[in-house]
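> Starting from these lines, generate the structure:
(chains A and B)
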Amino acid sequence: MNKQDKKSDHGHSHGSATHSLLPSDPALRVKAIETILLDKGLVDPAALDALIDTFQNKIGPKNGAAAVAKAWTDPEFKAWLLKDASAALASLGFSGMQGENMVAVENTAEIHNMVVCTLCSCYPWPVLGLPPSWYKSNAYRSRAVIEPRAVLAEFGVTLPEETEIRVWDSTAEIRYLVLPIQPEETKGKSEAELAEFVPRDAMIGTAL
Amino acid sequence: MNGVHDMGGMQGYGPVPIEIDEPVWHSDWERKTWALRMAMGAHGKWNIDMARHANEKLPPEQLLSFSYYERWITSLADMMVDAELVTLDEIAAGHAAPGTIKNPSPPSADQLMKGRASGRQSRRDIDAAPKFSVGDAVRTNCNSPKGHTRLPAYARGRVGKIIIHHGAHVFPDSSAHGGGDAAQHLYAVRIAANELWGVNGRAKDSVILDLSESYLEHA
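Purely as a prediction, here's the structure:
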């Protein structure tokens, strides 16, 4: 794409103006862009560090696990979560970017839910953090909707033949959290203990 | 646009690359890419729909061969040039143009943390009543818009049922191209797997998509 084609987004031009001008090695590519932005004062290094620290250390699947554990032990909270997940999760402090409109879907003995974003990588950041690579992979994005059982098998999950599978494709600004079935062996444990029994993938629907 | 980003139902991408105990980022450049995208977004020069479309517009061979964060850094550079925050000469040189006066106040950590915490609500209040109700049968359209859209190709021209009305939200097909919010009602539409995949899908299973009202008609 040549330079004359820039600025023509309204004509829906396609292609990348910058790709051929940037170093091909991704680390060098990022370094070049960072250098330009620091030179121009367009980013504050302290702000970059704060963002990274937040998603490296503070926001992650522990949040979602705490919410699930609460739903397993508190029927009122569970009902609230299933009725108005945004408000219920916000009451635990889990809200913000990529979690503005949450819906929780409950797995049961009859129905198994799983979540995908076939068009990009939409994922509920406040409750699960940033998505794992597999969630963003071409393989998961392409296959989850057409062969969910084959995909689940790769995660070691085999569901009974009669189980109904619902795959939620996150095509808008609604973010989904799967409420897994509480494992039998964890019945009677406290909410705090239970949070240890909620793997991230169970809240995406690729684990039980 | 009908692009390779629209992957739902494609075959041949191989097994899901599951990584046990995966770190949030695999390298410093991945981490930096993510933070740069977030920090540059705070300049308010583009919205989330424009940002998604910037990824989609990468040439298909790059989109497929790039890693996730290679897509992100490259489309970030494209958006910054489009928004005139950076020039192509600067991209080629790898540093700011000589004589550039440094902006004294980039988005601060506090500003970005507040933005993260408050989020960016896509929901809008509109006067128009919803055209559909929960339980209605609907058919998705078969259009092939050249720009950004959120009706995946695999779900076009299919019949499903409204299961949730999400209220009115920004319409990405408009917002991605600077056309404003053009908010519409948004619905979760459940489409049976055999409606999507014929004999390769079970009637009992389904895919649920969140679809803007103008993607739908009564069926």
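
> All the strands of the chain, residue numbers only.
I'll assume chain A. Using DSSP state E, the strands of chain A run over A:102-106, A:111-116, A:164-169, A:175-179.

> sorry, should have said chain B
Going by DSSP E, chain B shows strands at B:123-124, B:137-140, B:159-169, B:184-192, B:206-212, B:216-218.

> quick one, which of the ones you listed is nearest to residue A:113?
Between residue A:113 and the strands of chain B, the shortest separation by CB to CB is 8.9 Å, and it involves strand B:206-212. (C-beta placed from N, C-alpha, C; glycine too.)

> Mean neighbour count, the strands of chain B: which tops it?
strand B:206-212 (a mean of 27; mean count of other CB atoms under 10 Å in any protein chain shown).

> Show me which residues of stretch B:15-28 are buried.
If you call a residue buried by 16 or more other CB atoms under 10 Å in any protein chain shown, then stretch B:15-28 has these buried ones: B:16-18, B:24-25.

> Please identify which of these is nearest to residue A:95.
Nearest member of the buried residues of stretch B:15-28 to residue A:95, counting by CB to CB, is residue B:24, at 19.9 Å.

> Need the residue closest to the centroid of chain B.
Nearest to the geometric centre of chain B sits residue B:52, at 4.0 Å (CA atoms, centre = their mean).

> chain center to stretch B:163-183: distance?
12 Å (CA atoms, centre = their mean, to the nearest Å).

> cool, stretch A:80-99 as well?
14 Å.

> What lies in contact with that stretch?
Here stretch A:80-99 makes contact (CB atoms under 8 Å, 6 or more residues apart in numbering or on different chains) with A:63-64, A:66-67, A:70-71, A:77, A:100-104, A:106, A:122-127, A:175, A:177, A:179, B:115-120.

> Mean confidence (pLDDT) on it, please.
For stretch A:80-99, mean pLDDT is 98.

> Could you give me the buried positions within that stretch?
For stretch A:80-99, by 16+ other CB under 10 Å, it's A:80-81, A:85-86, A:88-90, A:92, A:94-99.

> Then stretch A:57-77?
In stretch A:57-77, counting by 16+ other CB under 10 Å, buried: A:59-73, A:77.

> Tell me if the helix or strand of chain B with the lowest mean pLDDT is near chain A.
The weakest-scoring helix or strand in chain B, judged by mean pLDDT, DSSP states H and E, is helix B:60-65 (a mean of 92). Yes - Helix B:60-65 lies within reach of chain A by CB under 8 Å from any CB of the partner chain, at B:62, B:64.

> other SSEs contacting that helix?
Applying 3 or more CB pairs under 8 Å, 6 or more residues apart in numbering or on different chains; DSSP states H and E, one finds that helix B:60-65 contacts helix B:68-82.

> near chain A at all, the helix it packs on?
Yes - Helix B:68-82 comes into contact with chain A (CB under 8 Å from any CB), by way of B:68-70, B:73-78, B:80-82.

> Please enumerate the helices of chain A.
In chain A, the segments counted as helices under DSSP state H are A:26-39, A:45-53, A:61-73, A:75-83, A:85-90, A:125-128, A:133-136, A:138-143, A:148-154, A:191-194, A:200-204.

> Any regions of the chain where pLDDT drops low?
Picked chain A for this. Scanning chain A for pLDDT under 70 picks out the ranges A:1-14.

> wrong one, chain B
Those would be none, if you go by pLDDT under 70 across chain B.

> Domains in it, by residue range?
With domains defined by automatic domain parsing, chain B comprises B:28-118, B:123-218.

> Minimum distance to residue A:151: which of those domains has it?
Here domain B:123-218 is closest among the domains of chain B (CB to CB), at 12.5 Å.

> still on that earlier bit, relative to chain B, which of the buried residues of stretch A:57-77 is nearest.
Nearest to chain B among the buried residues of stretch A:57-77: residue A:60, at 7.6 Å, using CB to the nearest CB.

> who's in contact with that closest one?
A:128-129, B:24.

> my read: residue A:130 touches residue A:55, true?
Yes - counting by CB atoms under 8 Å, residue A:130 touches residue A:55, with 5.6 Å between them.

> Can you check which residues contact both of the two?
B:24, B:34.

> can you list the domain ranges for chain A.
For chain A, automatic domain parsing gives the domain ranges A:26-58, A:60-204.

> Include distance to residue B:10 when you put those domains into CSV, please.
Formatted as CSV, those follow (distance: least, CB to CB, whole Å):
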stretch, distance to residue B:10
domain A:26-58, 25
domain A:60-204, 4
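
> Could you find the closest non-adjacent residue to the residue sitting nearest the centre point of chain A?
What sits nearest the mean C-alpha location of chain A, by CA atoms, centre = their mean, is residue A:123, with 2.6 Å. Closest residue to residue A:123 apart from its sequence neighbours, by CB to CB, 6 or more residues apart in numbering or on different chains: residue A:131 at 4.0 Å.

> Angles on the backbone of the one you found, please.
In terms of degrees, to the nearest 10, the main-chain angles of residue A:131 are phi -70, psi 150.
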